[in-house]
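In: Make a model of this:
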Amino acid sequence: MTDTDTSDGLREHVRARYAEAALAVGTGNEGCCGPAAALEVDERFGADLYDDGSTEGLPTEAVLASLGCGNPTAVADLRAGERVLDLGSGGGIDVLLSARRVGPTGFAYGVDMTTEMLDLARRNAAEARATNVEFRQGTIEDLPLPDGSVDVVISNCVVNLSTDKPAVLAETFRVLVPGGRIGISDVVAEDHVTPAERAERGTYVGCVAGALSRAEYLAGLAAPGFTDASVTFTHEVAPGLHGAIVRATRPAVPA
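Out: Take a look at the predicted model:
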């Protein structure tokens, strides 16, 4: 089996799981980061990680479809008038929260590869009467946005699911304006935890096996040119693996 076969297989596995999660939410079940067939929620993932009251007024299905490991809209410190992109936007919770924060003079984009999640997100946006949002189909390794088109990139427990993380970080750098920033919630391993040990402690679709270590994340951010990068652990999701806040900046002036 080639690396391409492996990557394509993992991507399809992730897509199928999240399609299943989107459909399950539509029938009244809840989801979490991990095997959507189980649809179990615990304190490590999901809407419980948002600040009290922050999801008030959002469509119920947007909240139920929260599959992440943090609250990237708070991490990114969004401001009025900014243009925001959510990588792997799922049911749309972080796009809708971003749209609130940036206000009518700002805009929030979501990119997702799963048709079922995009359908759910668009229904949620219509229910929320959000007019400053747009959901686009695509992969986070090849973003369907032009160069320098957003001020902030956020993501909630999705980068770890990619089989080509250098491409994700390079694309993130490309779509940001000079001086733009990222505020990402993700699962990150302690540096001593090997890839084999990560695989032993959780599945790829469960946001564990594909996690980068802190050192790997920082090196990955430096490669396309990000500066002021930091990875801060927040809560344990498996032995040696944590929910984490990842921040970095695209320099305002090219090096």
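In: Excluding its own residues, what touches stretch 214-226? List them.
Out: 165-166, 169-170, 172-174, 182, 186, 188-191, 212, 229, 231, 233, 244, 246, 248-251, 254-255 (Cβ atoms under 8 Å, 6 or more residues apart in numbering). In short, each C-beta sits where N, CA and C put it, glycine included.
In: Out of those residues, which end up buried?
Out: 165, 169-170, 172-173, 182, 186, 188-189, 212, 229, 231, 244, 246, 248-250 (16 or more other Cβ atoms under 10 Å).
In: hang on, the earlier thing: can you tell me which of the contacts of stretch 214-226 end up in strands?
Out: Counting by DSSP state E, the contacts of stretch 214-226 place 182, 186, 188-189, 212, 229, 231, 233, 244, 246, 248-249 in strands.
In: pLDDT added to these, as JSON lines?
Out: Converted to JSON lines, the ones in strands among the contacts of stretch 214-226 look like this (pLDDT from 0 to 100):
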{"residue": "182", "pLDDT": "97"}
{"residue": "186", "pLDDT": "91"}
{"residue": "188", "pLDDT": "94"}
{"residue": "189", "pLDDT": "94"}
{"residue": "212", "pLDDT": "95"}
{"residue": "229", "pLDDT": "97"}
{"residue": "231", "pLDDT": "96"}
{"residue": "233", "pLDDT": "94"}
{"residue": "244", "pLDDT": "92"}
{"residue": "246", "pLDDT": "95"}
{"residue": "248", "pLDDT": "97"}
{"residue": "249", "pLDDT": "97"}
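In: which stretches of the stretch 151-255 of the chain form helices?
Out: 165-175, 195-201, 214-222 (DSSP state H, counting those that start in this stretch).
In: pLDDT at residue 52, what is it?
Out: Here, the pLDDT recorded for residue 52 equals 52.
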